[in-house]
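In: Sequence and predicted structure below; questions after.
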2 protein chains.
Amino acid sequence: MVEKGLLIVLSGPSGVGKGTVRKQIFSQPETAFEYSISMTTRKPREGEVDGVDYFFKSREEFETLIEQGKLLEYAEFVGNYYGTPVDYVRETLDAGKDVFLEIEVQGASQVREKFPEGLFIFLAPPSLSELKNRIVTRGTESEDLIGRRMQAAKDEIELMDLYDYVVENDQVDSACRRINAIIVAEHCRRERVAIRYKKMLEVD
Amino acid sequence: MVEKGLLIVLSGPSGVGKGTVRKQIFSQPETAFEYSISMTTRKPREGEVDGVDYFFKSREEFETLIEQGKLLEYAEFVGNYYGTPVDYVRETLDAGKDVFLEIEVQGASQVREKFPEGLFIFLAPPSLSELKNRIVTRGTESEDLIGRRMQAAKDEIELMDLYDYVVENDQVDSACRRINAIIVAEHCRRERVAIRYKKMLEVD
């Protein structure tokens, strides 16, 4: 019996740089996990290739897949659907390979319900840690702006609660290094390794 | 208030290569944690320096420290005491620095009781995974020898239960890389980061 792969979910607030980080991770020759290509109803941008960047679908096709339960998660975002085809994810995990998803926070909570054992990584904006300093050092901020910034930071901290790990996207290289470390570590988790050894030795 | 450092405990069966792995980790310029030097009553070997390799103590001195509760853990091994001075560990953690212990499995369980939140890494012999193959491929092993080997492997798996991570010491470089990854990952654990952010922003 093949040991199941690990489902790796990278998410975080819109605009935090998830796509950039994901692309850099997959540009590394040592990356040994599979990228799950998302499906979308938005039009391809210049240079985007169907089946590489996204699976481009019509709204009708997408809604049929939703009805058929063929999406692990989906969300509507600025008038377009984005989602993850579930079959590819299940088949790849069953074949013992790790699957990497880069999705919006809305989708991540849907995935957590279906794959509670997945590895959920929250990419946090560096502004979160800079916020306090900026608030303190700039004397010029209005009470109102400070209040709104604090609220945004609190909201982001609350979003984290679903995740196993938080990586601050201060620099892309350093964020990628930390994400890789988290995946390596996860494969060394005692529960995981002990099960592997026990199966191997057929002891109970 | 300074965030407390992380207590990293590397342990594993006698002879697995803990010392070699630890030395390689501390030879890396990027290593940012402090090594807790052990105390022993055994005689210094050729080239060993007091306060670098070990703190060398007499049996009387060591037993006084035990009585005074000055040892985080200790064990007797081939007629000599080995232990970890507790003050250095506490002071370094309180100063916000990570502390790295390389100790025997006996000592590791004592540390787990006092620092349940520590990061416990079990260095496993590669023989554990090779065992099955060797047993199967060599037709020449006696029933008795196979039985004893299987028992030894089961004992090692049971020893793992106390630990958070298991790293197989197949190659020193690769074991060190995985240990470093585990430490990086631990610093990104959501609980840890969320506490840091919350403190920083003074939100509740």
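Out: Perfect, I can see it now. Residues are numbered from 1 along each chain as shown, chains lettered A, B, ... in the order given.
In: Tell me the spacing between residue A:78 and chain B.
Out: 28 Å (CB to the nearest CB, to the nearest Å). Glycine gets a C-beta too; all of them are placed from N, C-alpha and C.
In: Give me the neighbour count for that residue.
Out: 7 (other CB atoms under 10 Å in any protein chain shown).
In: how close does it sit to residue A:162?
Out: Distance, residue A:78 to residue A:162, by CB to CB, to the nearest Å: 23 Å.
In: same thing with residue A:37?
Out: 23 Å.
In: which element follows the helix or strand of chain A with the lowest mean pLDDT toward the C-terminus?
Out: Scoring the helices and strands of chain A by mean pLDDT, DSSP states H and E places helix A:127-137 at the bottom, with a mean of 61. Once helix A:127-137 ends, the next helix or strand along the chain (criterion: DSSP states H and E) is helix A:143-160.
In: For the very next helix or strand once past that next one, name the packing helices and strands.
Out: Later in the chain than helix A:143-160, the nearest helix or strand by DSSP H and E is strand A:165-168. For strand A:165-168, the packing partners by 3 or more CB pairs under 8 Å, 6 or more residues apart in numbering or on different chains; DSSP states H and E come out as strand A:119-124, helix A:172-187, helix B:190-201.
In: Export those to TSV and append columns for mean pLDDT, mean neighbour count and distance to residue B:158.
Out: Formatted as TSV, those follow (pLDDT from 0 to 100; neighbours: other CB atoms under 10 Å in any protein chain shown; distance: least, CB to CB, whole Å):
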stretch	mean pLDDT	mean neighbour count	distance to residue B:158
strand A:119-124	96	26	27
helix A:172-187	96	20	21
helix B:190-201	82	16	28
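In: Let me know which of those is the nearest to residue A:3.
Out: helix A:172-187 (10.1 Å; CB to CB).
In: hmm, the closest one touching chain B?
Out: Yes: contact between helix A:172-187 and chain B, assessed by CB under 8 Å from any CB of the partner chain, occurs at A:177-178, A:180-182, A:184-186.
In: ditto for stretch A:116-127
Out: Yes: judged by CB under 8 Å from any CB, stretch A:116-127 comes into contact with chain B at A:121-122, A:124.
In: do you know how far the closest residue to residue A:120 other than its chain neighbours is from residue A:17?
Out: Spatial nearest neighbour of residue A:120, excluding adjacent residues (CB to CB, 6 or more residues apart in numbering or on different chains): residue A:163 at 4.3 Å. Using CB to CB, we find residue A:163 at a distance of 16 Å from residue A:17.
In: do the same with residue A:63
Out: 30 Å.
In: coming back round to it: nearest to residue A:195, out of the helices and strands packed on strand A:165-168?
Out: helix A:172-187 (12.1 Å).
In: Low-confidence bits of chain A, can you list those?
Out: A:1, A:129-141, A:202-204 (pLDDT under 70).
In: residues from it in reach of chain B?
Out: Residues of chain A lying near chain B (CB under 8 Å from any CB): A:121-122, A:124, A:128-129, A:131-132, A:150, A:153-154, A:157, A:160-161, A:163-168, A:177-178, A:180-182, A:184-186, A:188-190, A:193-194, A:197-198, A:200-201, A:203.
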